[in-house]
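> Okay, sequence plus prediction incoming.
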Amino acid sequence: MTFDLNREIDGLRGELVRLRRDFHRHPELGFQENRTAGVIAKRLTDMGLEVNTGIAKTGVIGLLKGEKPGRTLLLRADIDALPISERNRVSYRSRNEGVMHACGHDAHIAVLLTAASVLARHRDLVNGNVKFAFQPAEEQGGGAKPMIEEGVLRDPDVDAALGLHVWNNLPVGVVGIRTGPTFASADEIKITIKGRGGHGAMPHQGVDAIAIAGQVITTLQNIVSRTVSPLESAVVTIGKIEGGTAFNVLADRVVMKGTVRAYSMELRKNLLERVERVVQGVALALGGEYEFESRFACPPVVNDARMTKLVGKAAASVVGKDKVVTAEPTMGADDMSYFLEKVPGCYFRVGSANPGKGADKPHHHPEFDIDEEALPIAAKVMLKAALDYLR
Ligand code: NI
């Protein structure tokens, strides 16, 4: 009997939805995905895969060996949820108050588990190996890097990687691909301005850390607008500011936190240097002191041209050529980048928006939901691309 991918996945549609809703009901934050990892590991074991748990704390790897030798392809799904209180009134709403799958990672797990179950039943179609990488903590902390450090790309050595994100900026039925940079690098920055306290009515006797912070924020705006080519993309955002104790007291200390984003590691480095130079220059000029810290979250996601072409072809066979679009680049970040830094691959987007079904909220919104029709589409594209790669 010949293998009919579309029929196979259509038959698993109910299972995909059930799985996704189960994970949606039981969301867990990064590096705490214990129940999630347990469900994943049990299913992979039942399929007859070689399973490794506890990778980067709560990550799970399933290794599927094909009937014939060949290359090794890694398929990645992130498995963590967000610290958000769900406001959807659906039957499958979060049972874990304050935690929610508001980015669609529940869908990623369901899709990858389903893809694994199909390939496990059709090992004859696989030349080589498929490594299913269920990665913890994409949102906070970053699980990809420690997974790689713990050897996910070795034994057998991984030749290429694929991953997908359900995407509410695209209508369901559309697949978005892009060669080259597609998500930005991300750094978290922390700026501390130190002044000297005093009476609010006698500012000349102290050093006002709030006044300095105001100038720092204003001057930071010059970095992107005046020092980066208008044709390049960059972001410097201050997202949090804390300082002061009372209306009539000079603040002696202000702490600001923010993020720096870029599409190249070179620009990223330059931006961080310029931010520190602005903080230093302004703080010293106004009689204050400063501390500057940055924490590197992840490099930009850069898709390989050949792997992207492979996914584009697979997607066209599933949704039709006219529904495969060039994905808009985003300054959002995703630590899939660590995998794609090491091996060629493609991180693609599967449209999941459908205003008619209420699936029109942005990612990380307390009413985020997807059109579940995206699930079988995602599974088909992932499987088709994987099978083409391992043919
Ligand atoms: Ni996400």
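The structure has been received and is ready for your questions.
> Every contact and neighbour count from this point should use C-alpha atoms.
OK.
> So what are the sheet partners of the helix or strand hosting C346 and their directions?
Taking DSSP states H and E as the definition, one finds C346 inside strand 345-353. Partners of strand 345-353 in the sheet, by DSSP bridges, are strand 160-171 (parallel), strand 175-177 (antiparallel).
> who touches stretch 293-302?
With contacts defined as Cα atoms under 8 Å, 6 or more residues apart in numbering, stretch 293-302 is touched by 141-142, 179-191, 262-265, 272, 333-338, 340-341, 346-347.
> Next, work out how far apart the closest residue to Q205 other than its chain neighbours and I191 are.
Take Q205 and drop its neighbours on the chain: the residue closest to it by Cα to Cα, 6 or more residues apart in numbering is G198, 6.5 Å away. Here the criterion is Cα to Cα, to the nearest Å. By it, G198 lies 22 Å from I191.
> And the two? Which one has more around it.
I191 (23 against 18; other Cα atoms under 10 Å).
> residues in contact with the more buried one?
For I191, the contact set (Cα under 8 Å, 6+ apart) comprises V255, M256, K257, V279, Y290, E291, F292, E293.
> one more time with 6 Å
V255, M256, E291, F292 (Cα atoms under 6 Å, 6 or more residues apart in numbering).
> got it, and D369?
A359.
> for the protein, which helix is longest?
helix 265-285 (DSSP state H).
> Identify the residues contacting that one?
By Cα under 6 Å, 6+ apart, helix 265-285 touches V216, A262, E289.
> In strands only, show me those.
Within the contacts of helix 265-285, residues falling in strands by DSSP state E are A262, E289.
> Could you identify which of the contacts of helix 265-285 has the most neighbours?
Counting by other Cα under 10 Å, top hit in the contacts of helix 265-285: A262 with 27 neighbours.
> Dihedrals phi and psi, the residue nearest to that one when sequence neighbours are not counted?
In space, and not counting its chain neighbours, A262 is closest to A234: 4.7 Å by Cα to Cα, 6+ apart. Main-chain torsions, A234, degrees, to the nearest 10: phi -160, psi 150.
> tell me the pLDDT at A234?
pLDDT, A234: 97.
> Below-threshold pLDDT in the stretch 1-150 of the chain: ranges please.
1-2 (pLDDT under 70).
> how much space is there between R391 and Y347?
Counting by Cα to Cα, the gap from R391 to Y347 is 20 Å.
> neighbour-wise, which of these two wins?
Y347 (27 against 13).
> Identify the bridge partners of the spatially closest residue to the more buried one that is not a sequence neighbour.
In space, and not counting its chain neighbours, Y347 is closest to G163: 4.7 Å by Cα to Cα, 6+ apart. G163 forms beta bridges with R76, Y347, as assigned by DSSP bridges.
> Tell me, how many residues neighbour G163?
21.
> and it, how far is that from L75?
With Cα to Cα as the criterion, G163 and L75 are 6 Å apart.
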